[in-house]
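Student: next one to model:
(chains A and B)
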Amino acid sequence: AQRVTQPEKLLSVFKGAPVELKCNYSYSGSPELFWYVQYSRQRLQLLLRHISRESIKGFTADLNKGETSFHLKKPFAQEEDSAMYYCALNARAAGNKLTFGGGTRVLVKP
Amino acid sequence: DTGVSQNPRHKITKRGQNVTFRCDPISEHNRLYWYRQTLGQGPEFLTYFQNEAQLEKSRLLSDRFSAERPKGSFSTLEIQRTEQGDSAMYLCASSSTASGNTIYFGEGSWLTVV
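Tutor: Residues are numbered from 1 along each chain as shown, chains lettered A, B, ... in the order given. Prediction:
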């Protein structure tokens, strides 16, 4: 069975500092990885997906199959980045559904 | 189109009562998903439909839970004989296999069982 682990429940950083959210997964097949974000009082929304290999709002994430990780990084955090972030895995061989990690709350202080 | 729509947004019910939630997906999205989320946890998959066919159900979905998508458009999730442990946010999501299959979420329906 697939599993996604986000070891940090809370990350608190100052504005302008780098931020890295850790995500590790376990899945024996070829995974598709995502980061979803939930801003205060808003719905869960897709931030980025590994197959796109793009930067969204300054965030990037690289899939490391050797370490089974998909960490999310941003070099200079902004106050508007304060939100809940969820890493998710789509185990395509097990049906098209997402398995989420427990989430990391990011607080960017001024 | 305003995205995935869910109602009611909040529901308080007494233990033992039945509740039903409705989800209207993004139009023309052929896949529809239900997830459950409790405080401090990520969303957990419950079930999903492709058109009107329910293709997968999680073991989390006990016999008291039933989901339908009769015409391949909106869906309902019914919980019978609610228990306090059913208190959670119920999230609906949809996607289209024709356009990349990105999953879009609704705002959720909060259930409190007292």
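Student: and the helix-or-strand element of chain B with minimal mean pLDDT, what does it pack against?
Tutor: Using mean pLDDT, DSSP states H and E, the weakest-scoring helix or strand in chain B turns out to be strand B:53-57, at a mean of 91. Under the contact criterion of 3 or more CB pairs under 8 Å, 6 or more residues apart in numbering or on different chains; DSSP states H and E, strand B:53-57 touches strand B:44-50. All C-beta atoms are positioned from the backbone trio N, CA, C, and that covers glycine.
Student: so the strand it packs on versus strand B:53-57, what angle?
Tutor: With axes from the mean of the first three to the mean of the last three CA atoms, to 10 degrees applied, the angle from strand B:44-50 to strand B:53-57 works out at 160 degrees.
Student: what about strand B:44-50, near chain A?
Tutor: Yes: using CB under 8 Å from any CB of the partner chain, we find that strand B:44-50 touches chain A at B:E44, B:F45, B:Y48.
Student: okay but the last one is in contact with B:W34, surely?
Tutor: I take that to be B:Y48. Yes: the criterion here is CB atoms under 8 Å, and B:Y48 meets it with B:W34 at 7.2 Å.
Student: residue contacts, the closest residue to B:R15 other than its chain neighbours?
Tutor: Distances taken as CB to CB, 6 or more residues apart in numbering or on different chains place B:V113 nearest to B:R15, at 5.6 Å, with adjacent residues excluded. By CB atoms under 8 Å, 6 or more residues apart in numbering or on different chains, B:V113 lies in contact with B:T13, B:K14, B:R15, B:T82, B:E83, B:Q84, B:G85, B:D86, B:S87.
Student: what subset of those residues is buried?
Tutor: Buried members of the contacts of B:V113, scored by 16 or more other CB atoms under 10 Å in any protein chain shown, are B:T13, B:T82, B:D86, B:S87.
Student: wouldn't the first one be in contact with B:S109 here?
Tutor: No: between B:T13 and B:S109 there is no contact, the gap being 11.7 Å when judged by CB under 8 Å.
Student: which stretches in the chain count as strands?
Tutor: Because you didn't say which chain, this covers chain A. Remark: strands assigned in chain A by DSSP state E are A:3-5, A:10-14, A:19-21, A:24-26, A:32-38, A:45-49, A:60-61, A:72-74, A:83-90, A:98-100, A:104-109.
Student: meant chain B actually
Tutor: B:5-7, B:10-13, B:19-24, B:31-37, B:44-50, B:53-57, B:65-68, B:75-79, B:88-95, B:104-105, B:109-113.
Student: got those strands as CSV, with distance to A:P7 columns?
Tutor: Conversion of these to CSV gives the following (distance: least, CB to CB, whole Å):
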stretch, distance to A:P7
strand B:5-7, 31
strand B:10-13, 32
strand B:19-24, 32
strand B:31-37, 19
strand B:44-50, 19
strand B:53-57, 29
strand B:65-68, 31
strand B:75-79, 32
strand B:88-95, 23
strand B:104-105, 24
strand B:109-113, 28
